[in-house]
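Participant: Turn this into a model:
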Amino acid sequence: MASRRDPAGCRVGLFGVPYDGTTSFRPGTRFGPAAIREVSNGLETYCPQLDLDLDDLAFADLGALEIPFGAPEPVVAAVRRGTEHLLSLGLRPLMLGGEHSISSGAVGAVAAHHPDLALVQLDAHADLRHSWLGTQHSHACAMRRCLEVLPSQQLLQIAIRSGTRDEFSELHQSGRLVAIEQMAATLHPLRGRPLYLTVDLDWFDPAVLAGTGTPEPGGFLWNHFADLVNELRHHNLVAADVVELAPQLDPSGVSSVLAAKVCRSLLLLLGRPAGH
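Facilitator: Here you go, the predicted structure:
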């Protein structure tokens, strides 16, 4: 992808967080950001769906965030500081993971700039556990931690298909669970609000994206994501992340290509000219 290193004059800032310290099944998401960059050279810069081209977009790839090894708490704090820095430069952040535990750092930073921020989650899993395997910042707790830093409490969880009995009870009682058929209609009232999209790639079916640490059958295809992109054209997307790609688990490389194509769409949505 045709990125720059110097953020001056750019609209979007891309950065990677190669962390998978709380992985509970199959590790490898630390290699996700590098894999997306590597295969992106094989994608066209032009997106027919959006009629936009990355060659016309000023975005900066700022490389990998320097993070400590070990516990997730310092990593989440580093992500928040890094995201705040991008926002201070006037950039809209796109973060590449790494595991989902990192998202609360970015969401907290963006919500501090946009108190009415709404959060949209694509994910196979609810990620609403209070703690998991001894830490409150496990990737299985990602949305619980995000809710703690989201003043609006506006979270839409699109077509979640895996979780505990308690998590699904909360999903139904809270009204946050959105069926795939109702995705566009549910998002429609949020037009004009600042929006953060977090994409856990295991939302896609393992048949099309096998390279993820916790695959879950019964997922979705590219056309479902394209439906979301069509709706997001009418929204104020201010930040996003793409997480949970474990490229070494898919020797074909197709998972990395799909992830890169997701990133292309999000870069274009974040950086498009006003009114497009």
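Participant: Checking residue 33 next. Helix, strand or coil?
Facilitator: helix (DSSP: H, G, I helix; E, B strand; the rest coil).
Participant: give the contact list for it.
Facilitator: 16, 17, 18, 64, 96, 97, 98 (CB atoms under 8 Å, 6 or more residues apart in numbering). In this view, the C-beta of every residue, glycine as well, is placed from N, C-alpha and C.
Participant: Equivalent analysis for residue 6, please.
Facilitator: residue 60.
Participant: Quick check, pLDDT for it.
Facilitator: Looking at residue 6, its pLDDT is 73.
Participant: Which of the contacts of residue 33 fall in strands?
Facilitator: 16, 17, 64, 96, 97 (DSSP state E).
Participant: how close does the closest residue to residue 191 other than its chain neighbours get to residue 182?
Facilitator: Closest residue to residue 191 apart from its sequence neighbours, by CB to CB, 6 or more residues apart in numbering: residue 234 at 5.2 Å. According to CB to CB, to the nearest Å, residue 234 stands 16 Å off from residue 182.
Participant: Could I get the phi/psi values of residue 14?
Facilitator: phi -100, psi 130 (degrees, to the nearest 10).
Participant: swap that for residue 54, please
Facilitator: phi -60, psi -30.
Participant: so which helix or strand takes in residue 251?
Facilitator: Under the criterion DSSP states H and E, no helix or strand holds residue 251.
Participant: Let me know how buried it is, in neighbour terms.
Facilitator: Burial of residue 251 is recorded as 10 neighbouring residues (other CB atoms under 10 Å).
Participant: Next: the one 3 residues further on.
Facilitator: Neighbour count of residue 254, defined by other CB under 10 Å: 14.
Participant: Could you double-check that it lies in contact with residue 206?
Facilitator: No - the criterion here is CB atoms under 8 Å, and residue 254 misses it with residue 206 at 11.3 Å.
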